[in-house]
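J.: Have a look at this fold, sequence not included:
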């Protein structure tokens, strides 16, 4: 009986992972055709390697239930979690200390972009050449309807704050690298638990 429960759970996880990236499942075979958009996530090579290590640890904790989990899936979960946060927690005005406004979110994205993807000054250009970062790109497949959610958010942000501009693939890259930075600070167990909770408690979209 225990083996059957684990197998069933793994099946559900696999189906959800496939659906997350827009791949066909038995359910989606009978639904309307889904338009696919491919975006490129930018990060250092070591960031992608660290994500792979994290996924291996997730599988150890779940006894292989997440055997099909990839870095691409991780990107999807982080992006979906951000959109859920925007949809459920954003308020127009700062009604309390815990309230999150569009201005808070925009400023947070600005700070993180400057932290993880700084534009070097001319005086710093030479040291960048001596110790260049090894950047890499990961192509990730998204459902068009989910891409539109992020595009609408960025349009509203840029309309409200004309001096702010960010492309969707840039925003997703910031979300991914910020997650990796949290891993680097030693929050691995906390992040594994948070990932499990988000994955099983939300449909994300």
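T.: Nice, I can see it. Predicted model, so just to flag it, every value in this text is computed and none were measured.
J.: so residue 40, which of the three states?
T.: Classification of residue 40 using DSSP: H, G, I helix; E, B strand; the rest coil returns strand.
J.: mind listing what the nearest residue to it once chain neighbours are set aside touches?
T.: In space, and not counting its chain neighbours, residue 40 is closest to residue 137: 4.6 Å by Cβ to Cβ, 6 or more residues apart in numbering. Yep, even glycine has a C-beta here, placed from its N, CA and C like the rest. Counting by Cβ atoms under 8 Å, 6 or more residues apart in numbering, residue 137 touches 40-42.
J.: how close does residue 137 sit to residue 172?
T.: 12 Å (Cβ to Cβ, to the nearest Å).
J.: Name the nearest residue to the residue nearest the centre of the chain, sequence neighbours excluded.
T.: Closest to where the C-alpha atoms of the chain average out (Cα atoms, centre = their mean) is residue 78, at 2.6 Å. In space, and not counting its chain neighbours, residue 78 is closest to residue 175: 4.8 Å by Cβ to Cβ, 6+ apart.
J.: sorry, back to before: list residues touching both of residue 137 and residue 172?
T.: residue 41.
J.: Listing request: residues of this structure with sub-threshold pLDDT.
T.: Applying pLDDT under 70 to the chain flags residues 1-11, 19-34, 98, 121-131, 201-205.
J.: try it again with 80
T.: 1-34, 89, 92-99, 120-132, 187, 196-205 (pLDDT under 80).
J.: For it, which segments count as strands?
T.: 36-44, 90-91, 100-101, 135-143 (DSSP state E).
J.: Give me the buried positions along the last one.
T.: Of the residues in strand 135-143, those buried under the neighbour-count criterion (16 or more other Cβ atoms under 10 Å) are 138, 140, 142-143.
J.: now stretch 63-83
T.: For stretch 63-83, using 16+ other Cβ under 10 Å, the buried residues are 65-66, 69-83.
J.: And for stretch 37-52?
T.: In stretch 37-52, counting by 16+ other Cβ under 10 Å, buried: 37, 39, 41-43, 47-48, 50-51.
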